[in-house]
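Asks: generate coordinates for the sequence data below:
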Amino acid sequence: MLSHTKKVYLVDDDPAVLKMMLALVSTIGVDVQAFASANQFLESYRQTPCECLVCDLRMPNIDGMELQKRIKAMDIHTLPIIFISGFAEVGIAVEAMKLGAYDFLEKPFSAQSLLAKIQSALSHSRDEYAKWMKKRATEARFALFTPKERNIIHHVVDGKSSREISDLLDISVRTVENHRTRIMERLQVKSTVDLVKLFL
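Replies: Numbering: from 1, shown residues only. Model (predicted):
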């Protein structure tokens, strides 16, 4: 069962901005944590089912772009990043979005725009986490199949017919059909289309 706690992480080296955002975000019923540096955030971060990161682009040591790269290297795809940038940094913010950032806010920004973007990012995070969990479950089930069954699944997903698979694997069409039936029963799918969707 997924946790319903919504987590918002704030990272900014400006104490006044951090304090302002902390007070503001605390009003929308989320678990909010503030960090004065990217290092502090990385040391305490633990993935949750519904979360987002609001981060200043320009910071000493590890800036926003570097933090984004480190998060990506950790293979975390469920943490939407909202960057805060000054007017002169809009070009960098656009580059960050091309690399996967969720959104960005240009200074000065209104309380309403910040909170709206956070709510949108949290919703996106929840959806991405559900997809990630489903993918992990599918991979776990796939690992339980024999090498021959996995081979058949790959060929089915590639769009090959039972006759083509039988020729490729040098087994009878009936054997292929029997394997396909067992595979679909174990994966609880009713059609080849559903099987293909599961592994795409």
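
Asks: CA only for contacts and neighbour counts going forward, please
Replies: OK.

Asks: show me the contacts for the spatially most distant residue from the centre of the chain.
Replies: Most distant residue from the mean C-alpha position of the chain: Ser172, 41.5 Å away (CA atoms, centre = their mean). Taking CA atoms under 8 Å, 6 or more residues apart in numbering as the contact definition, Ser172 lies against Ser166.

Asks: from the opening residue of stretch 92-103 to its closing one, how far?
Replies: Between the opening and closing residues of stretch 92-103 we find a distance of 12 Å, counting by CA to CA, to the nearest Å.

Asks: which parts of the biggest helix by length in the chain are buried?
Replies: Longest helix in the chain by number of residues, with DSSP state H as the criterion: helix 111-143. By neighbour count on 16 or more other CA atoms under 10 Å, the buried set for helix 111-143 is 114-115, 117-119, 121-126, 128-129, 132, 142.

Asks: over to stretch 159-177?
Replies: Those buried within stretch 159-177 under the rule 16+ other CA under 10 Å are 162, 165-166, 173, 176-177.

Asks: closest one of those residues to Leu53?
Replies: Closest approach between those and Leu53, by CA to CA: Ile165, at 47.0 Å.

Asks: all strands for the chain, in order.
Replies: Ranges of strands within the chain are 7-11, 31-35, 51-56, 81-85, 103-106, based on DSSP state E.

Asks: of those strands, which approaches Ile152 most closely?
Replies: Each of the strands of the chain was checked against Ile152 via CA to CA, and the shortest separation belongs to strand 51-56, namely 38.2 Å.

Asks: okay, now the sheet partners of the closest one, with direction.
Replies: strand 7-11 (parallel), strand 81-85 (parallel) (DSSP bridges).

Asks: of those strands, which shows the lowest average pLDDT?
Replies: The stretch with the lowest mean pLDDT among the strands paired with strand 51-56 is strand 81-85, which comes in at a mean of 92.

Asks: show me how far it is from its chain's centre.
Replies: From the chain centre to the centre of strand 81-85 is a distance of 17 Å (CA atoms, centre = their mean, to the nearest Å).

Asks: residue contacts, Arg126?
Replies: Arg126 sits next to 49-51, 78 when contact means CA under 8 Å, 6+ apart.

Asks: before we move on, back to that, what is the lowest-pLDDT residue among the buried residues of helix 111-143?
Replies: Of all these, the one the model is least sure of by pLDDT is Phe142, with 83.

Asks: for that one, which non-adjacent residue is closest in space?
Replies: Excluding its sequence neighbours, the residue lying closest to Phe142 (CA to CA, 6 or more residues apart in numbering) is Arg150, at 7.1 Å.

Asks: ok, that neighbour to Gln188 distance?
Replies: Plainly put, Arg150 is 16 Å away from Gln188 if you go by CA to CA.
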